[in-house]
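Colleague: just to be clear, the model below is a prediction. Sequence and coordinates:
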Amino acid sequence: MTPLERALRERIRAEGAITVEAFMEACNSYYYSTRDPLGADGDFTTAPEISQMFGELVGAALADVWARASRPAVRYVELGPGRGTLASDALRVMRSAGLDPPVHFVETSDTLRAAQRHAVPGATWHQHIGDLPGDLPLLVVANEFLDALPIRQHVAGAERHVVAAGGGLAFDRDGEIVETSPARDAAVQAVAEGLVAIGGVALIIDYGHARSGPGDTLQAVKGHRFAAVLDQPGEQDLTSHVDFQRVAEVALTAGATVEGPAEQGAWLERLGIMPRARMLANGAPERAAEIETARARLCRPDQMGSLFKVLALRHPDWPTPAGL
Ligand code: SAH
C-alpha cells in the first residue's frame, strides 16, 4: 500500500467517501511534489521534452504576436512549466526577435521549481494564477497544465465518489459519466480576466476534445503505460481530457476573444515545423532521423497531432496569434 493510499483510507474512514475531485487533487499534489515525472526515466513525456522545435515555435508565435501588437513591455507567464524546457526554448527564440520579458512561473511543486530554476535562471515563482502581477500585458503558455487539474464526475446527476473496499479503493457508482472541473474553470477565468484587464494572449495546449460530451476520460499513466486509476495512489500521473468547448465558453464569459481550437499537428505545420526540422537536420545530419521521428510524433494524427489541441485567448484589441 502506498503512503498516500494509507492516508486516503484513513480519511475515508473518518469523513466517509471522498469525491473523485478530492481523490485526484490529493493524488496529484502528492505525485508532483515527490518527483520529476517527465522524460524517459519518468512516467510520461510532453511535447517540449520530445523536441526543442515545440518551444521554439511557441516562442516564434509569441514574438510575432508581440511585434504585431507594437512591441509593448510584457511578461512571459507559464502555468505548470514542468522542467522549464518549453520556456527555455521559447525565450531563446523570443530574445533573438528582440523580446526579453520578465518570466513568471505558476508552479506548486518544489521539485519541479528546482528544475525550472536551473533551466530559466531569474524567473519568479507563484503558487496561484491570481498572484501574478497585473501591471503589464501577459504572454501566457499552458502546455499539459489543465489536464492535471482535478475533475468532478457525475453519474445520472449523482457525484461519483471513491470508497474503501476490501484491501483497496473503489468507485461508488458506474454508468455514463459527465465530467466537470471547477479548478480548470477557475484557472481559465483567472487567465482570461488578466488578459482582458491589461492585454496579452494565452496559448492553451492540451489533449482533449473540441466539443463537450459525456464520457469517462480520467486516466492514470505510470512508466509510460496506462494503469488503473485507483491503483497506487500518488505514484502515478492522473489526468483527464480537456473540454475545449467549456474552456472557450469560460474565457468568452470573462470577456476574452477566443480562437481555435486547432489541432496541434496542423498548428505546428502552419508555424513552420517542416522548415525548422529541415534546418536542424541540415545542421546535424547524424540526428536527421531522430529529428524526423520527433516531428512526426508531434504532428501525425495517429500520434499527438490530432488529439492535442491549441486554443488562443486574447484581449480583444490584441492580434490573433499565428497558426490559428
Ligand atoms: N508544461 C510542462 C509540464 C506538464 S506536467 C511540459 O509540457 O512538459 C504538469 C505541470 O503542472 C507540472 O509542472 C506540475 O507540477 C504542474 N501543476 C500541476 N498541478 C498544478 C497546480 N494546481 N498549480 C500549479 N501547477 C500545477
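Modeller: Perfect, thanks for sending it. Numbers count the residues shown, from 1 in each chain.

Colleague: stretch 239-246 near the ligand anywhere?
Modeller: No: applying Cβ under 6 Å from any ligand atom, one finds stretch 239-246 out of contact with the ligand, separated by at least 8.5 Å. (C-beta placed from N, C-alpha, C; glycine too.)

Colleague: my error: substitute stretch 71-82 in the last question.
Modeller: Yes: Stretch 71-82 is in contact with the ligand by Cβ under 6 Å from any ligand atom, via 80-82.

Colleague: compare the residues you listed and tell me which is most surrounded.
Modeller: In terms of neighbours by other Cβ atoms under 10 Å, the residues of stretch 71-82 next to the ligand top out with Pro81 at 29 neighbours.

Colleague: packing partners for the top strand by length along the chain?
Modeller: As assigned by DSSP state E, the longest strand anywhere in the chain is strand 200-209. Packed against strand 200-209, as judged by 3 or more Cβ pairs under 8 Å, 6 or more residues apart in numbering; DSSP states H and E, are the following elements: helix 52-68, strand 138-143, helix 182-198, strand 242-243, helix 244-253, strand 308-314.

Colleague: related to what we said a few turns ago, just the residues of stretch 71-82 next to the ligand: which are in strands?
Modeller: Going by DSSP E, the strands hold none of these.

Colleague: just put these in JSON lines and tack on pLDDT.
Modeller: Below are those laid out as JSON lines (pLDDT from 0 to 100):
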{"residue": "Gly80", "pLDDT": "98"}
{"residue": "Pro81", "pLDDT": "98"}
{"residue": "Gly82", "pLDDT": "97"}
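
Colleague: tell me which parts of the stretch 101-250 of the chain are close to the ligand?
Modeller: So far as Cβ under 6 Å from any ligand atom goes, the stretch 101-250 of the chain lies against the ligand at 106-109, 112, 143-145, 148-149.

Colleague: which one of these has the most neighbours?
Modeller: Asn143 leads those on contacts (other Cβ under 10 Å) with 27 neighbours.

Colleague: if I look at it, how far off is Val155?
Modeller: 31 Å (Cβ to Cβ, to the nearest Å).

Colleague: give me the neighbour count for Arg11.
Modeller: Arg11 - counted by other Cβ under 10 Å - has 15 other residues nearby.

Colleague: where's it, which helix or strand?
Modeller: Element membership for Arg11, per DSSP states H and E: helix 3-15.

Colleague: show me what that helix is packed up against.
Modeller: strand 18-19, helix 20-33, strand 161-165, strand 168-171.

Colleague: and that helix, what's buried?
Modeller: By 16 or more other Cβ atoms under 10 Å, the buried positions in helix 3-15 come out as 4-5, 8-9, 12.

Colleague: reformat these as JSON lines; add pLDDT.
Modeller: Output for the buried residues of helix 3-15, formatted as JSON lines (pLDDT from 0 to 100):
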{"residue": "Leu4", "pLDDT": "96"}
{"residue": "Glu5", "pLDDT": "95"}
{"residue": "Leu8", "pLDDT": "97"}
{"residue": "Arg9", "pLDDT": "95"}
{"residue": "Ile12", "pLDDT": "97"}
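
Colleague: for Ala281, state which of those residues is nearest.
Modeller: Leu4 (44.4 Å; Cβ to Cβ).

Colleague: I'd say the closest one and Cys27 touch.
Modeller: Yes: counting by Cβ atoms under 8 Å, Cys27 is a contact partner of Leu4 at 6.7 Å.

Colleague: which residues do the two both contact?
Modeller: Common neighbours of Leu4 and Cys27, using Cβ atoms under 8 Å, 6 or more residues apart in numbering, are 233-234.

Colleague: just to revisit the earlier point, just the CA trace of the longest strand of the chain, in PDB.
Modeller: Output of strand 200-209 as PDB, limited to C-alpha atoms (Å, rounded to 0.1, in the frame of the first residue of the first chain):
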ATOM      1  CA  GLY A 200      -1.900  40.000 -24.000                       C
ATOM      2  CA  VAL A 201      -2.600  36.500 -25.300                       C
ATOM      3  CA  ALA A 202      -2.600  32.900 -23.900                       C
ATOM      4  CA  LEU A 203      -1.800  29.700 -25.700                       C
ATOM      5  CA  ILE A 204      -3.500  26.700 -24.100                       C
ATOM      6  CA  ILE A 205      -2.200  23.400 -25.400                       C
ATOM      7  CA  ASP A 206      -3.500  20.100 -24.200                       C
ATOM      8  CA  TYR A 207      -5.100  16.900 -25.100                       C
ATOM      9  CA  GLY A 208      -8.900  16.800 -25.200                       C
ATOM     10  CA  HIS A 209     -12.000  17.200 -27.200                       C
END
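
Colleague: downstream of it, the next helix or strand is which one?
Modeller: Once strand 200-209 ends, the next helix or strand along the chain (criterion: DSSP H and E) is strand 219-222.

Colleague: so how far is that next one off the chain centroid?
Modeller: 16 Å (Cα atoms, centre = their mean, to the nearest Å).

Colleague: repeat for stretch 49-66
Modeller: 15 Å.

Colleague: and what of stretch 282-289?
Modeller: Distance of stretch 282-289 from its chain centroid, counting by Cα atoms, centre = their mean, is 30 Å.
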